[in-house]
Structure formats: C-alpha cells, structure tokens
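Chemist: quick check, what structure comes out for this input:
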Amino acid sequence: MDNPNVFAVLTPRDGKNRAMTAFRLPENANRFHSATGGVAEEPTINSREPTPSVWSLSEEEREVDQDATDRIILTFDKPPKDPLEGWQFGTNKLSDVLLGHRGTRGISGQ
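Modeler: Okay, here's the model as predicted:
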C-alpha cells in the first residue's frame, strides 16, 4: 500500500472480535476497507502437483500482506470532521471512527 495519501492504517487486535465488529459499523463505511487476498477460492495448482514451498516464493510474495485483514484507513483527503478537535475515536456519533455505540463498556465517548 504505497499511497502517499495514507497516513494511518488501523487493524483490529482483540480476542473477542469486538474491534472487527466496530470497524464494520455503517458509520465507518467511508474509511473501512475489507480484506483482500487470503484463501484461494478455487484450486491454483493441479491435484497431482506438489505443494510449493514457501521458500520458492519471491521475497514480495513472502511478505505479510497488509491487505489480508479488514482495516480502517485514514487519509489526508478525508480530514477529521472537526479539524480543530483533531481525530476523534469513541462512541460519540460525532467521532471520526466509531468504536461502538453509546454504552459500550470500556470505550469513552471521545
């Protein structure tokens, strides 16, 4: 992801899948990017061919694919709702990234 417009990529990291649920809220749709790549949807080699070794892949193919997980991407062309306040994350509907609805335990309004 070599886009000079991107300045932050948020990825979900929790054992209870709450972050992933928050990322997928409709209020985050303008900054949410769904995972791409990952598991092949159809066979990529014949059943008689040996499974290729990870070391037979190019260095680029071995690198961790940053697009292989859902993520929130913050860019310069989509500034915060209130530039004087900066980026707001929380349960307040005015937040730039909604992390849950009002009353979600462990997350403040802003």
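
Chemist: could you work out the end-to-end span of stretch 75-92 for me?
Modeler: End-to-end distance for stretch 75-92: 21 Å, by CA to CA, to the nearest Å.

Chemist: quick one: buried residues of that stretch?
Modeler: Q88, F89, G90, T91, N92 (16 or more other CB atoms under 10 Å). From N, CA and C alone the C-beta is placed, and that goes for glycine too.

Chemist: with stretch 100-110 instead?
Modeler: G100, I107.

Chemist: confidence score at the nearest residue to D77 once chain neighbours are set aside?
Modeler: Leaving out its chain neighbours, the residue that sits closest to D77 by CB to CB, 6 or more residues apart in numbering is N5, at 5.7 Å. For N5, the pLDDT comes out at 89.

Chemist: and stretch 22-38, how far out from the chain middle?
Modeler: Computed by CA atoms, centre = their mean, to the nearest Å, the chain-centroid distance of stretch 22-38 equals 6 Å.

Chemist: other residues contacting it?
Modeler: Here stretch 22-38 makes contact (CB atoms under 8 Å, 6 or more residues apart in numbering) with 10, 12, 65, 67-75, 78, 93, 95-100.

Chemist: only C-alpha atoms, please: export that stretch in CSV.
Modeler: Below are the C-alpha coordinates for stretch 22-38, written out as CSV (Å, rounded to 0.1, in the frame of the first residue of the first chain):
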residue,chain,number,x,y,z
ALA,A,22,-16.7,-1.9,15.4
PHE,A,23,-14.8,-1.5,12.2
ARG,A,24,-17.7,-2.8,10.2
LEU,A,25,-20.2,-0.3,11.7
PRO,A,26,-22.1,1.6,8.9
GLU,A,27,-20.7,4.9,10.4
ASN,A,28,-17.2,3.7,9.4
ALA,A,29,-18.0,2.7,5.9
ASN,A,30,-16.2,5.7,4.3
ARG,A,31,-12.9,4.6,5.8
PHE,A,32,-13.4,0.8,6.1
HIS,A,33,-11.5,-1.4,3.7
SER,A,34,-12.4,-5.1,3.6
ALA,A,35,-9.7,-7.8,3.5
THR,A,36,-8.5,-8.9,0.1
GLY,A,37,-6.5,-11.9,-0.9
GLY,A,38,-6.1,-14.7,1.7
